[in-house]
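Asker: Sequence first, predicted coordinates after that:
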Amino acid sequence: MKAIILAGGSGTRLWPVSRYGLPKQFMKLDGERSILGRTIERLLKVCAIRDLHVITNEDYEFHVREELRNFSGELENNIILEPVGRNTAPAIALAVKYCLEKLKCRQDEPVLICPSDHVIKPDEKFVAYARQAGAVAQKGFIVTFGIVPDRPETGYGYINAGARLPPQADGKDGFDCFRVERFAEKPDLKTAEKYVASGKYYWNSGMFAFTPGVMLAEFKKHAPVIGKRLEKSLSAMTKDFSTMPNISMDYAVMERSSRAAVIPLKLTWSDVGSWDSLPEVSAPDEKGNIKIGDVLDIDSKNSIIMGGARLIAAVGVKDLIVVDTEDALLVIKRGQAQRVKDVVALLKAGHRKEVMEHTTTYRPWGNYTVLEEGPRYKIKRIVVKPKQRLSHQLHHHRSEHWIVIKGTAKVFVDRKARFVHENESTFVPKSTLHRLENPGKVPLEVIEVQNGEYVEEDDIIRYDDIYGRSKTA
């Protein structure tokens, strides 16, 4: 079985932690692995390392590469790159083409598609369901996974199960499997209550299992524009990817296909769609509170309090969500978390950078944190990973001072190289070619002081870059 993780989403429903520059699939809700990391860990119990790949866009390539490297060096290059985001149907079509052309996947080999930002427990039960789905897929079905609902939920789409598949079609593994009667959009509360009471409706999880042969045929039949592209080579398909229809897998194929089947999953599942859903993945304490970070609580109830570097003291609060980051604080009443999207919309309208990026920005060579900024200056802490280096670059509108606080830097200024040790510094004038490199075995930490009439990131001209970014940033 091949397993493909969809990791191109840039959702901001968990703002201010999740932002366009670092969306929720990279969040660490338990302080250990990210949500994407947990997904990789789960699927490695379903398939071999060589058969697990992640599809993402160029903006998140190095984040995904780092996540894969955390598991195995063999995984690091198992990435399928979308030139642009075009919704789930084009992404899955690209994954199918990649499996056939690059991985030499058989037409009848099952392929499992999973989003990167869902929390599922326990892994062992999901693995059994996935194997069942693979067996059903090999009988000619496109299998979707329905979550058995434990409450009427208006935030999810639903799948209406029809006739049960006969044992010879469902893999004989003991799990129910049904034909899909229909897909239902997100309902109002009264309709959701009817769905749950009927026992025939399941939450739509957005996970699929199929064989490439069946999926190719269904794309050609129900989404001919995408089907036609699948006749081209992978390189040609990638080149024209931006002109693909912006359409979901459900709309393009699943709602039209007579081959759609659903396996109901009885386990813990959440797409962590808002801060209100956090109790689904993190157990509250005896007072109903979820506390993450440095939190001091006195007599608070039914609240979610998430901090970062700063101490949060909460006294007597009730039914609140408090999320603190280095540059933004969210305070919202429980039950109102869906309105975070309204905050994000206002930030976008005001061209506020808080919706796009954190004060810490990650790069393939490491990261930098903006410590302070004002008119004509910016101060950063730069961390360069061992044996990594920044691009050979220059700036037209600012000069830079570098002060090494940990490790040893190898710097190139105006084509002259020198080593700079702890508590030493160097100066980079405007319009001067320069590069910063970490030749050592420990992370290099540098304080950078920028000064000039313009200190934003688009004043970078790259002349040489080992990560393939030799262009104006």
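Answerer: Thanks, I have it.
Asker: Mind listing residues that contact the host helix or strand of residue 447?
Answerer: Following DSSP states H and E, one finds residue 447 within strand 444-452. Surrounding strand 444-452, the residues in contact under the criterion Cβ atoms under 8 Å, 6 or more residues apart in numbering are 366, 368, 371, 376-384, 386, 395, 397-409, 430, 436, 438. No exception for glycine: its C-beta is placed from N, CA and C like everyone else's.
Asker: Now with 6 Å, please.
Answerer: Applying Cβ atoms under 6 Å, 6 or more residues apart in numbering, the external contacts of strand 444-452 come out as 377-384, 397-407, 409, 438.
Asker: Pull out the buried residues from the residues you listed.
Answerer: 378-384, 398, 400, 402-404, 407, 409, 438 (16 or more other Cβ atoms under 10 Å).
Asker: what's near enough to touch residue 193?
Answerer: Contacts of residue 193 (Cβ under 6 Å, 6+ apart): residue 152.
Asker: Give me the domain ranges for this protein.
Answerer: With domains defined by automatic domain parsing, the chain comprises 2-270, 276-341, 360-464.
Asker: Tell me which of the ones you listed sits most buried.
Answerer: domain 2-270 (a mean of 19; mean count of other Cβ atoms under 10 Å).
Asker: Any idea how far apart the tips of that one sit?
Answerer: Distance across domain 2-270, first residue to last, is 23 Å (Cα to Cα, to the nearest Å).
Asker: where's the closest residue to residue 245 other than its chain neighbours relative to residue 246, distance?
Answerer: Among residues not flanking residue 245 along the chain, residue 225 sits closest, at 5.6 Å (Cβ to Cβ, 6 or more residues apart in numbering). The gap separating residue 225 from residue 246 is 11 Å, by Cβ to Cβ, to the nearest Å.
Asker: Please, where are all the strands along the stretch 51-200 of the chain?
Answerer: 52-57, 79-82, 111-115, 119-121, 142-147, 158-164, 178-184 (DSSP state E, counting those that start in this stretch).
Asker: Of all these, which one comes closest to residue 341?
Answerer: strand 111-115 (18.8 Å; Cβ to Cβ).
Asker: Direction included, what does the closest one pair against?
Answerer: strand 2-6 (parallel), strand 201-210 (antiparallel) (DSSP bridges).
Asker: Mean pLDDT per helix and strand in this structure: which one sits at the bottom?
Answerer: In the chain, no helix or strand scores lower on mean pLDDT, DSSP states H and E than helix 167-170, which sits at a mean of 57.
Asker: by contact count, what packs against the helix or strand where residue 321 lies?
Answerer: Using DSSP H and E, residue 321 sits within strand 320-324. In terms of contacts (3 or more Cβ pairs under 6 Å, 6 or more residues apart in numbering; DSSP states H and E), strand 320-324 is packed against strand 304-306, strand 329-333.
Asker: tilt between it and strand 329-333?
Answerer: Between strand 320-324 and strand 329-333, the angle comes out at 170 degrees (axes from the mean of the first three to the mean of the last three Cα atoms, to 10 degrees).
Asker: mind checking how far strand 320-324 is from the chain centre?
Answerer: 22 Å (Cα atoms, centre = their mean, to the nearest Å).
Asker: Need the residues that contact that strand.
Answerer: So strand 320-324 is contacted by 275, 303, 304, 305, 306, 307, 308, 312, 330, 331, 332, 334 (Cβ under 6 Å, 6+ apart).
Asker: Quickly note the distance from the closest residue to the second one other than its chain neighbours to residue 75.
Answerer: Taking Cβ to Cβ, 6+ apart as the measure, residue 303 lies nearest to residue 320, with 4.6 Å between them; neighbours along the chain are not counted. In this view, residue 320 and residue 75 are 40 Å apart by Cβ to Cβ.
Asker: repeat for residue 430
Answerer: 42 Å.
Asker: got it, and residue 21?
Answerer: Counting by Cβ to Cβ, the gap from residue 21 to residue 75 is 23 Å.
Asker: what's the span of stretch 150-166 from first residue to last?
Answerer: End to end - Cα to Cα - stretch 150-166 spans 27 Å.
Asker: One more: stretch 57-72?
Answerer: So stretch 57-72: terminal residues 21 Å apart, Cα to Cα.
Asker: Then stretch 138-146?
Answerer: 19 Å.
Asker: who's the residue lying farthest from the centre of the chain bridged to?
Answerer: Most distant from the centre of the chain: residue 416, at 40.6 Å, with distances by Cα atoms, centre = their mean. Judged by DSSP bridges, the bridge partners of residue 416 are residue 413.
Asker: if we can go back for a sec, let me see the confidence value for the residue nearest to residue 245.
Answerer: At residue 225, the predicted lDDT confidence score is 95.
Asker: contact partners of the strand or helix carrying it?
Answerer: Secondary structure from DSSP H and E places residue 225 in helix 224-229. Applying Cβ under 6 Å, 6+ apart, the contact partners of helix 224-229 are 93, 219, 220, 237, 245.
Asker: same thing but 10 Å
Answerer: 86, 89-90, 92-94, 96-97, 215-221, 223, 236-238, 240-241, 243-245, 247, 252-253 (Cβ atoms under 10 Å, 6 or more residues apart in numbering).
Asker: Grab the CA positions of that helix and hand them over as PDB.
Answerer: Coordinates of each C-alpha in helix 224-229 appear next as PDB, following Å, rounded to 0.1, in the frame of the first residue of the first chain:
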ATOM      1  CA  PRO A 224     -12.700  15.200 -17.600                       C
ATOM      2  CA  VAL A 225     -10.500  18.300 -17.400                       C
ATOM      3  CA  ILE A 226      -8.400  16.600 -14.700                       C
ATOM      4  CA  GLY A 227      -8.700  13.200 -16.400                       C
ATOM      5  CA  LYS A 228      -7.200  14.700 -19.600                       C
ATOM      6  CA  ARG A 229      -4.200  16.100 -17.700                       C
END
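Asker: Since that was my last question, I'll sign off now.
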